[in-house]
Every structure is written in structure tokens, then in C-alpha cells.
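Asks: let's see this in three dimensions:
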Amino acid sequence: MQPLRIGLLGVGTVGGGTIKLLQNNSSEITRRLGRELIITHAANRNLDRARQICGNSIKITNNVFDVVNAEDVDVVVELIGGTTIAKDAIIQAIKNGKHIVTANKKTISRIWQ
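Replies: Alright, predicted model coming up:
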């Protein structure tokens, strides 16, 4: 079965923690999910910080739309907050048929206003 491919929007405190959690628990996540989960892309304003956290196996960009439009991303995890770029990225990801994970309630409420 093909891996579940993740694209992260934001590699700050929460994004960096998410990467570590997914990488450190990859065998258990694979066992429970029934297929491998991999992070393929990450977007962050500070590319140097993103490279330090992500390493070389994740494609890094400072443009969230590179992630939401990427063919090799199945799930977009929005971790940037706010209601402008996050909202536009979530809407574009949905248009592209991608699943979304976010805790950004304010943005979600504004999508359907």
C-alpha cells in the first residue's frame, strides 16, 4: 500500500514537535495505520530553521501553495495560524482533494461565512 504523504504548513514550535513525534513514533504509527506515514513537504517563512528541523528528506519551501499543490501530498497539516494565508491554503488544499488537519478554529469558521 502506498504511504500516506504529509505536507506541513509551519515548522515552528508545534510544527517541529509534530515532525519529531511522527518520526520518533513511525513504526507504531505504521502499525496502527496499516501503511507508512511520511512527511514529504514543509513550508516555513524561515527556510534555515526549517532545514535544521526537517533535515534533507523533506522538501522545504517558503510558499505554502507549493505544499498544497504538490502531487505527492495527501494530507495538509496547517500549523501557521492566522486567518489570511492559512485560510487561502486550506481552501486550495480542499479544491485539490487533499485532507486537512488543523486546530485553527477561527480560520475554519471564516471559510463557511
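
Asks: which residues of the chain score low on pLDDT?
Replies: 112-113 (pLDDT under 70).

Asks: which stretches of it form helices?
Replies: 13-24, 26-33, 47-54, 64-68, 85-95, 105-111 (DSSP state H).

Asks: make CSV out of those helices and add mean neighbour count.
Replies: No exception for glycine: its C-beta is placed from N, CA and C like everyone else's. Output for the helices of the chain, formatted as CSV (neighbours: other C-beta atoms under 10 Å):
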stretch, mean neighbour count
helix 13-24, 16
helix 26-33, 12
helix 47-54, 16
helix 64-68, 22
helix 85-95, 18
helix 105-111, 13
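
Asks: residue 7 is nearest to which of those helices?
Replies: Closest approach to residue 7 among those is made by helix 64-68 (4.0 Å; C-beta to C-beta).

Asks: centre of the chain to the closest one, how far?
Replies: Here the centre of helix 64-68 is set off from its chain's centre by 9 Å, with C-alpha atoms, centre = their mean, to the nearest Å.

Asks: ditto for stretch 47-54
Replies: On C-alpha atoms, centre = their mean, the centre of stretch 47-54 falls 14 Å from the chain's centre.

Asks: again with stretch 103-113
Replies: On C-alpha atoms, centre = their mean, the centre of stretch 103-113 falls 17 Å from that of its chain.

Asks: residue 87 against residue 111, yeah?
Replies: Yes - counting by C-beta atoms under 8 Å, residue 111 is a contact partner of residue 87 at 6.2 Å.

Asks: what's the closest of the helices of the chain to residue 79?
Replies: Residue 79 lies closest, by C-beta to C-beta, to one member of those: helix 13-24, at 4.5 Å.
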